[in-house]
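Asker: structure here, sequence nowhere to be found:
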């Protein structure tokens, strides 16, 4: 085309015609692609034939190696892709056979012999034998890198050996009652024995990943999605969905919108407000499960090492149990349940949440430490904590009762609870310096003992050994900064009961009784103040999932189960008459045009600029 | 500036070897080389300062990465110590600093604590999506800003100027995070026109399908970015055009009887563009880091969301390296702006 500088109108006309031509081309291309695109983009089909279940997750996967993965999202995926020695029953949470069909203990609980199923195959067709299990455990015992994630489970092992293909023998240093709660995915020896550095191998190069669980990991796009296909040969009932896709969406509100749009079938960890809103939405069901976590604050009773060396700057008066108990009495747990959780929580009793009926403990009706502001004030009066002129009490040693309260600033429920505690403790003459801070600041304060009251919370497994273990004297730091707990608690009677329950492998009821007694001690010592068990709130689309197993049943949760029950039991809903919330064809075409307009706009601009530059010369 | 005698060769016309013209041998280095050398040296010094700052800045962050990573899990003291050793956190600070410096010089940014892969791999992987999002957004925002800024500046004080400026400044003050969520609620889950988040639909195959799918996912994040940032291009363009508006050469041009539109396009805009071009370059450096919030809202798998996930741990190798990358891109673009500017504006050539 000949150029004509004196008639700029032509340039514009040319650009316009170019724009028309190219948009027509893109539109045509977009339309040509349409027959394929909507099928691929509809939620019913994530990549090929069959039903796909899409789950929104807010954490990226840290590692696909079961030896390394620490995050909940990764361990959840491993529950689907690998098998375990035993599982927990979906309804009762009791240990049930998995790879191990049966077991017996000898040598006063120091030797465990498991009979392994003989009909399990790896997803590459190789048979799974006792040797794979022994190798998995032994590798964790011998290799520091392989112990990264689950090393605590084998810390007490002397040896793990395969006597033959179906017999596994484990020798323990000390008896332990948690042998049916080994949360360790079993990996195929024939694939993993070539790994040189277990601390660096992420198991994310070769897909599909060889496993023996109900699903097989077939694709991983870091920070985007993980895809698993159903294992049709699984020895239990194979899954009902053909495919599971975990999609990474860090923003909670965006997840809610994705569920509304039907882009994902399931989301977890809702706030009460989100649950209320979604509960009224068509085709969406909200599952309100009893909590497996407790929310609490701990009191600094004087930070010290195992050798008794004191450190930190906790308020000296908090070493007094009477003061700690008065603090407990001043707080109304029912008020927290209503005003912070909108009713989606239970007021807490003992340390183990109520969903674990066998181990849960509640104070009796004549609870000496129940909510009673008057009684709390009397306790303090009698113990010599006199009110100063400003209404704030002063300890018998002359220390004014102004306490710091460390609260996680990323947890709205903790922040709201923190404000309530401010007000309630003012009722008994304690002034609170509310320090709502980054979790990092908070954990530094905890490890350095530079706190008075500090928020905490733990997820409790069906076997509560670990969360009980963190309050033994053993958990006190060897030196400053090495503690593995959230309170500087140490009590001889508690320790004695802890040892007893751990060794009590053959008397479940006796063990449960010991565990309940331990909670009573924690309660009376008032170092750990458990406030609530918040409900687990989650939602799914009933037009995509017709049925799904909760754990425990009834009243249990879907996400974060101890087992693969939710996702193997999830049943696809009958397809609705409409095509569903896929990408409308005209939207795809619209995108093409939008992108094109942008590009052409840029080109026109550039042409103008080059033309003016030329004119300048 | 009237007739176009050498219309055929604008590019070659500018290029013919500046060296023989200017690069005399008297008194050491030619000015061009001195100019270039000076700029490059300044950039290198800045980069060095950024590297040192990066190391110490993130060591001040509270929280122990190891306990943050294992939070809420059953771990033994031995496991914690093994992780500290693996991450090199058991080394004294000077040793850690030395390792960090040596690593940076060889482009080895270390291994991410949370993903356990080399940070360099993570950055390479995430760079593409970020450049796609930020690049598209910048091109559109600049085009829109320049066009609207020109219109507003040329008709300063008109109703249109006031409306355009008002809208632009309002959007400029809107938090991108909030605007993104609003668009998701209205256009994605509400009207169902666009995907709510992510960069692609898992399972889509075929080049054209994937391209369309990605373009479809891009619309809302790009729109959010453009809405928030175009105002600065517009305001700069507007004010430099206003500066030019009273110039004598424009009066002359008009006196020659040129149409108003031609005066604007041929005379006013080229001169007013100069400051804007510099701004675009500076912004190119900044957009990479500027999309952190947008990437987080839309779950866009780029450097921004990587930085966000790194900060939450804190995953020191990731945040350190990205800080250097983000600051480095600003330095690089500053340098390019310095280098390109003389080509555009003859007055700074000497």
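Answerer: Perfect, thanks for sending it. Model, not experiment: these values are computed from the prediction.
Asker: check the gap between the residue minimising distance to the centre of chain A and residue A:268 for me.
Answerer: The central residue of chain A, meaning the one whose C-alpha is nearest the mean C-alpha position (Cα atoms, centre = their mean), is residue A:72 at 4.3 Å. The gap separating residue A:72 from residue A:268 is 10 Å, by Cβ to Cβ, to the nearest Å. All C-beta spots, glycine's among them, are computed from the backbone N, C-alpha and C.
Asker: need the overlap of contacts for these two.
Answerer: With Cβ atoms under 8 Å, 6 or more residues apart in numbering or on different chains applied, the overlap between the contact sets of residue A:72 and residue A:268 consists of residue A:560.
Asker: next to chain B, which bits of the stretch 151-300 of chain A? Give me the list.
Answerer: If contact is defined as Cβ under 8 Å from any Cβ of the partner chain, the residues of the stretch 151-300 of chain A in contact with chain B are A:151-153, A:155, A:199-200, A:202, A:219, A:221-225, A:227, A:245, A:247-251, A:253-254, A:257-258, A:260-261, A:263.
Asker: what's downstream of the lowest-mean-pLDDT helix or strand in chain A, the next helix or strand?
Answerer: Taking mean pLDDT, DSSP states H and E as the measure, the helix or strand of chain A with the lowest value is helix A:37-41, at a mean of 34. Downstream of helix A:37-41, the first helix or strand assigned by DSSP states H and E is strand A:52-57.
Asker: how many residues are close by residue B:332?
Answerer: With neighbours defined by other Cβ atoms under 10 Å in any protein chain shown, the count for residue B:332 comes to 15.
Asker: tell me if it really is in a strand.
Answerer: No. Residue B:332: not assigned to a strand; according to DSSP: H, G, I helix; E, B strand; the rest coil it is helix.
Asker: from chain A, how far off is it?
Answerer: Noted for residue B:332: a distance of 22 Å to chain A, by Cβ to the nearest Cβ, to the nearest Å.
Asker: can you pull the contacts of that residue?
Answerer: Counting by Cβ under 8 Å, 6+ apart, residue B:332 touches B:43, B:285.
Asker: tell me the confidence at it?
Answerer: Model confidence at residue B:332, given as pLDDT, is 89.
Asker: now the one 5 residues further on
Answerer: Looking at residue B:337, its pLDDT reads 82.
Asker: ditto for residue A:77
Answerer: The model reports residue A:77 with a pLDDT of 96.
Asker: could you look up the SS state of it?
Answerer: For residue A:77, the assignment made with three-state DSSP gives helix.
Asker: so what's it closest to, chain neighbours aside?
Answerer: Once flanking residues are discounted, residue A:77 sits nearest to residue A:226: 6.2 Å by Cβ to Cβ, 6 or more residues apart in numbering or on different chains.
Asker: for the one you found, name its beta-bridge partners.
Answerer: According to DSSP bridges, residue A:220, residue A:246 are recorded as the beta-bridge partners of residue A:226.
Asker: number of nearby residues for it?
Answerer: A count of neighbours around residue A:226, defined by other Cβ under 10 Å, yields 27.
Asker: sorry, back to before: surely the residue nearest to the centre of chain A meets residue A:562?
Answerer: No. Applying Cβ atoms under 8 Å, one finds residue A:72 not in contact with residue A:562, separated by 11.9 Å.
Asker: distance check, the residue nearest to the centre of chain A against chain B.
Answerer: In terms of Cβ to the nearest Cβ, residue A:72 sits 8 Å off from chain B.
Asker: and that residue, backbone torsions?
Answerer: Backbone torsions of residue A:72, given as degrees, to the nearest 10, read phi -60, psi -40.
Asker: quick one: contacts for the closest residue to it other than its chain neighbours?
Answerer: Using Cβ to Cβ, 6+ apart and skipping the chain neighbours, the partner closest in space to residue A:72 is residue A:560 (6.2 Å). Counting by Cβ under 8 Å, 6+ apart, residue A:560 makes contact with A:72, A:76, A:268, A:292, A:459, A:536.
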